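[1] need the 3D shape of this:
(one chain, ligands or ions: 3)
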Amino acid sequence: MIVSVKEILEKAKAGGYAVGAFNTTNLETTRAIVEAAKETKSPVIIQVTEKTMEYAGGRMIFNIIKNDVEFYAPEIPVGIHLDHGSSFEIVERAVEIGWSSVMYDGSRKEYADNVSMTKKVVDFCHKKGGDNITVQGELGSVPYLSEHKMGAVDWDAYMTDPEQARDFVEKTGIDTLAVAIGNAHGFFTEREVPDWARLEKIRSMIEIPIILHGASDWEDGKATKAIELGVNCFNVDTNTRLAFVNTLSTIFKGDKDPGLDLRSILGEARDAVKESVKRKMELFGCVGKA
Ligand code: G3H
Ligand code: 13P
Ligand code: ZN
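    Numbering: from 1, shown residues only. Ligands and ions are numbered 1, 2, ... in the order given. Now for the predicted structure:
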């Protein structure tokens, strides 16, 4: 059942666990996430970026997600979210299609511009859908490791300022906040030790759910500690894509002729994605919470 993202996250916050927000780009990944949520009885957020709206068609990918949830997992609470919306126009378009949760990512703007643009998005969404449309903002900025060619990252330049976080939440009226505490988009070169004290401070400054982007390689102890200190949702993309691509690679490099049946080839990739998503759900503590 499609439900409000805010509701999923408030429950996670109250229950002391986190949920996953998994990016999808196609039918196979979407089905894998939906099946993982169904089999583990986990609430989940399924999200797409603008690039995916362009690739698949915004209305098409929205309907794939919605139909999949309604047909295959009507008993599971699922939120549909626009990830990293970069403009007011893309938010308007997503909401018009039916998205019930959006991120406006003004994290690379000057603070005053991030505040004013994020507030504009919040005002629009809340006027349109009240509590049923959730808005995520970002303060500080989560780096993309691709920007740094996997080289050294000046982590201090990206961090969320806890005092500013309180001001940002007050001024914009956002429902959830994405934070930067040493997390990054991409794989394998996160800041070695996240800034735990900063996370704790941010948590003490704001009431709303906290989102951690770039969680593909936040395994075991790191994820658990982040949840203890107040993270309510982890964004995962690279890990899912890796499961998909590695499976295809194994199939095509193997000794066996893979044949031409795309359903069999893509079906294997879908199943590998499902297993990777289930592992994350266990790690986040949301199994059985649906
Ligand atoms: O953080 C967001 C995604 O990992 C970026 O993916 O290539 O769809 O923009 P994208
Ligand atoms: P990763 O690709 O590092 O998992 O980040 C995903 C993300 O933050 C999507 O918004
Ligand atoms: Zn992200």
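
[2] buried ones in the longest helix along the chain?
    Taking DSSP state H as the criterion, the chain has its longest helix at helix 262-284. Buried residues in helix 262-284, counting neighbours by 16 or more other C-beta atoms under 10 Å, are found at 265-266, 268-274, 276-278, 280-281, 283-284. Any C-beta I mention is one placed from the backbone N, CA and C, and that applies to glycine too.

[3] from those, which single one is nearest A178?
    Closest approach to A178 among the buried residues of helix 262-284 (C-beta to C-beta): F284, at 16.1 Å.

[4] let me know the pLDDT of that closest one.
    Looking at F284, its pLDDT stands at 98.

[5] these two touch, right, it and G15?
    No. In this structure F284 lies outside contact range of G15 using C-beta atoms under 8 Å: 11.5 Å.

[6] quick one, what contacts I64?
    Going by C-beta atoms under 8 Å, 6 or more residues apart in numbering, I64 touches 26-27, 30, 56.

[7] one more time with 7 Å, if that's ok
    Counting by C-beta atoms under 7 Å, 6 or more residues apart in numbering, I64 touches 27, 30.

[8] how far does the particular helix or strand that has it in it sit from the chain's center?
    Applying DSSP states H and E as the criterion places I64 in helix 58-72. Its chain's C-alpha centre and that of helix 58-72 lie 17 Å apart, by C-alpha atoms, centre = their mean, to the nearest Å.

[9] and it, is it in reach of ligand 1?
    No. Against ligand 1, helix 58-72 shows no contacts by C-beta under 6 Å from any ligand atom, the least distance being 11.3 Å.

[10] how about that helix: buried residues?
    Across helix 58-72, burial judged by 16+ other C-beta under 10 Å covers 58, 61-62, 64-66, 68-69.

[11] so what does the helix or strand that it is followed by touch, helix or strand wise?
    Downstream of helix 58-72, the next assigned helix or strand under DSSP H and E is strand 78-85. Contacts defined by 3 or more C-beta pairs under 7 Å, 6 or more residues apart in numbering; DSSP states H and E place strand 78-85 against helix 5-15, strand 44-48, helix 58-72, helix 88-97, strand 101-104.

[12] of the ones you listed, give the one that comes closest to ligand 3.
    strand 101-104 (8.0 Å; C-beta to the ion).

[13] list the strands paired with that closest one, with their directions.
    strand 78-85 (parallel), strand 134-139 (parallel) (DSSP bridges).

[14] so which of those is the most surrounded?
    strand 134-139 (a mean of 28; mean count of other C-beta atoms under 10 Å).

[15] convert the C-alpha atoms of the helix or strand following it to PDB, please.
    Next helix or strand after strand 134-139 toward the C-terminus (DSSP H and E): helix 162-172. Extracted in PDB, the C-alpha atoms of helix 162-172 (Å, rounded to 0.1, in the frame of the first residue of the first chain):
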ATOM      1  CA  PRO A 162      24.200  21.400  13.800                       C
ATOM      2  CA  GLU A 163      23.100  25.000  14.800                       C
ATOM      3  CA  GLN A 164      22.400  25.800  11.200                       C
ATOM      4  CA  ALA A 165      20.400  22.600  10.900                       C
ATOM      5  CA  ARG A 166      18.000  23.900  13.600                       C
ATOM      6  CA  ASP A 167      17.700  27.200  11.800                       C
ATOM      7  CA  PHE A 168      17.200  25.500   8.500                       C
ATOM      8  CA  VAL A 169      14.400  23.300   9.800                       C
ATOM      9  CA  GLU A 170      12.600  26.200  11.500                       C
ATOM     10  CA  LYS A 171      12.900  28.500   8.500                       C
ATOM     11  CA  THR A 172      11.900  26.000   5.800                       C
END
